[in-house]
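1. 3D, please:
(chains A, B, C and D)
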There are 2 protein chains.
Amino acid sequence: MSVDRTQVLHAAAALLTRKATATMDEVARAAGIGRATLHRHFAGRDALVRALEELGLQEMEGALDRAALDDGPEDEALRRLVAEVEHVAPLLSFLVTENQLFEGDQQHVGWARIDARVSALFRSGQESGAFRIDLTPAWLTEAFYGLVGSGAWAVQDGRVAAKDFQYMIAELLLGGARRSVEK
Amino acid sequence: MSVDRTQVLHAAAALLTRKATATMDEVARAAGIGRATLHRHFAGRDALVRALEELGLQEMEGALDRAALDDGPEDEALRRLVAEVEHVAPLLSFLVTENQLFEGDQQHVGWARIDARVSALFRSGQESGAFRIDLTPAWLTEAFYGLVGSGAWAVQDGRVAAKDFQYMIAELLLGGARRSVEK
DNA sequence: ATCGAATGAGACATTGATGTCTCATTCGGT
DNA sequence: ACCGAATGAGACATCAATGTCTCATTCGAT
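-> So this is what the prediction gives:
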């Protein structure tokens, strides 16, 4: 009977990522609850968005922790990160898209931290020789977000099988589309 | 004095991609015109979105034509496509994001055509041996959209230099982040 | 089975965006 | 320099979403 706040937020993220103009009523329906109940849990649209931010940042931090980015080769760390990020993907996608994240003109502090951690992985990989150095960490970070979002979208839309999510993203991000001559 | 319809639509796309909930007034300001004028050219928000769809599809078709995807090696064709797509990026990003493109439950016919053309490039590349075959054309297509969107966003936000747009996208999409052992 | 808490559905007032209109001003062509 | 067309600014009515409320119902715990 009691509403699962986290589940509601995940459903909201999935919907709002694809249709940012969705009504509070649509969000409620997507989460399988009534509009009144949605309002009981989140004072309004702003409160909902802020809750999404908070949960997204929190789950993303958790994913980064579990991926243990400092352990072992960076390409393997990246694969672990992709795996951990899978179920946070809609939420992450919402955070990246939704630029309500910007308070005024400066970036959200919590988001800056996420950004720094992902970016550090790429930088570390460049220093160790695992990653190429002609693509900036900032771009690789941005590309990572973009591919995770595209992957989540492709899966949700049935264009990619859910089981292939991690492989498709990690392989493209690491190896690209070109067929390697080596091997 | 006269409003440049295309310029207005590009400005609208750039704004709406980042902030889908933007007001008609905000769109007008972003395009540097008054709200009344915006309404004179586009009957309403729906009309504006439909005009964005139309222009986006049209410019995307043009980019695909100019890229001459059937000529020469597929990786070079992809580079040409990235180059041609650069100035359409915000519009493309809007089209990919905005799922008003779906009329009811089926995909927009114009969009399906774009999708087919991009997808065909990847399939052709797989058949010729230029691209790897363990990543589906559907996914490569989706990834292409995602990276173009991320690139446009990164440039607009100052995280990537505009002059690096084509290189960053093409290199990541073709070669990935991993440092090649060969060469 | 009972009771209390939470929910869903709907009514309602409020708010903000929208769409239309007018009018003064500016721009472009002649 | 003149005239017509287009624009910007603002006023205004309308409409849709929002936020609040009530009440019957359902769920879960005891």
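2. if I look at the residue nearest to residue A:38 when sequence neighbours are not counted, how far off is chain B?
-> Leaving out its chain neighbours, the residue that sits closest to residue A:38 by Cβ to Cβ, 6 or more residues apart in numbering or on different chains is residue A:28, at 4.1 Å. Where C-beta positions appear, they are placed from N, C-alpha and C, glycine not excepted. According to Cβ to the nearest Cβ, to the nearest Å, residue A:28 and chain B sit 18 Å apart.
3. which element is residue A:28 on?
-> Using DSSP states H and E, residue A:28 falls within helix A:24-30.
4. continuing past that helix, what's the next helix or strand?
-> Sequence-wise, the next helix or strand downstream of helix A:24-30 (DSSP H and E) is helix A:35-41.
5. what does the lengthiest helix in chain A rub up against?
-> Of all segments of type helix in chain A, defined using DSSP state H, the longest is helix A:45-67. For helix A:45-67, contacts defined as Cβ atoms under 8 Å, 6 or more residues apart in numbering or on different chains pick out A:5-6, A:9, A:12-13, A:16, A:24, A:27, A:38, A:42, A:77, A:80-81, A:83-85, A:88, A:91-92, A:94-95, A:98, A:100-101, A:108, A:110-111, A:113-114, A:117-118.
6. okay, now residue A:147: neighbour count?
-> Residue A:147 has 25 neighbours, counted by other Cβ atoms under 10 Å in any protein chain shown.
7. how far is the helix or strand it falls within from where the chain is centred?
-> Per DSSP H and E: residue A:147 is located in helix A:137-156. In terms of Cα atoms, centre = their mean, to the nearest Å, the centre of helix A:137-156 is found 8 Å from the chain centre.
8. residue A:92 in helix, strand or coil?
-> What DSSP: H, G, I helix; E, B strand; the rest coil gives for residue A:92 is helix.
9. measure it to residue A:118 for me?
-> Separation of residue A:92 from residue A:118 (Cβ to Cβ, to the nearest Å): 11 Å.
10. state the mean pLDDT of stretch A:89-106.
-> Mean pLDDT, stretch A:89-106: 76.
11. actually stretch A:8-19, sorry about that
-> Average pLDDT, stretch A:8-19: 94.
12. now do that stretch: everything it contacts.
-> Contacts with stretch A:8-19, where a contact means Cβ under 8 Å, 6+ apart, come from A:22, A:26-27, A:30-33, A:38, A:41, A:48, A:51-52, A:55-56, A:90-91, A:93-94, A:97-98, A:149, A:152-153, A:156, B:97, B:99-100.
13. what do you get if the cut-off is 6 Å, keeping everything else the same?
-> Contact with stretch A:8-19 is made by A:22, A:27, A:30-31, A:51-52, A:55, A:90-91, A:93-94, B:99, as judged by Cβ atoms under 6 Å, 6 or more residues apart in numbering or on different chains.
14. now swap in stretch A:121-136 and tell me
-> Under Cβ under 6 Å, 6+ apart, the answer for stretch A:121-136 is A:69, A:73-75, A:137, A:140, B:177, B:179.
15. before we move on, the earlier item: what's the helix holding residue A:147 packed up against?
-> Where contact means 3 or more Cβ pairs under 6 Å, 6 or more residues apart in numbering or on different chains; DSSP states H and E, helix A:137-156 is packed against helix A:89-97, helix A:109-128, helix A:165-175, helix B:137-156.
16. contacts for the last one next, please.
-> In other words, helix B:137-156. Under Cβ under 6 Å, 6+ apart, the answer for helix B:137-156 is A:142-143, A:146-147, A:150, A:154, A:159-160, A:168, A:172, A:177, B:85, B:89-90, B:92-93, B:96, B:118-119, B:122-123, B:160, B:162, B:165, B:169, B:173.
17. next: the third one.
-> When contacts are defined by Cβ under 6 Å, 6+ apart, helix A:165-175 is touched by residues A:75, A:79, A:82-83, A:86, A:147, A:151, A:155, B:139, B:143, B:176-178.
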